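Enquirer: What would the 3D arrangement of this be:
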Amino acid sequence: MFMDVMQSNAELKRTIELLTEQIRIMNQRQYGRKTESQLFNKIQMQFDLEFNEPEATADSNEKEPGADDVNPRRKK
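Expert: Residues are numbered from 1 along each chain as shown. Below is the predicted model:
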């Protein structure tokens, strides 16, 4: 009877160790660096597409506005 209790105790310890390891791996997958970097790359790619769109569609031969064009003089 004592041997059965010792054996079941050892099995329970192994089960606890396996479950703890599984929880650690799941937390690492969900909250680890890899997930953050992938999320950051997706967000960065969206920003790049949004901010570069006007540059991509702009006419490169068109003259850029000067200081007079940007700040027109006001009448007093």
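Enquirer: Only C-alpha atoms from now on, for both contacts and neighbour counts.
Expert: Will do.
Enquirer: top helix in the protein by residue count?
Expert: In the chain, assigned by DSSP state H, the helix with the most residues is helix 2-31.
Enquirer: average pLDDT for that helix?
Expert: Regarding helix 2-31, the rounded mean pLDDT is 93.
Enquirer: Only the buried residues of it, if you could.
Expert: By neighbour count on 16 or more other Cα atoms under 10 Å, the buried set for helix 2-31 is empty.
Enquirer: i'd like the first residue to be 137 from this point on
Expert: All right, first residue 137 from here; so that's helix 138-167.
Enquirer: Tell me the spacing between residue 211 and residue 197.
Expert: Residue 211 sits 32 Å away from residue 197 when distances are taken as Cα to Cα, to the nearest Å.
Enquirer: again, but for residue 150
Expert: Taken as Cα to Cα, the spacing of residue 150 relative to residue 197 amounts to 72 Å.
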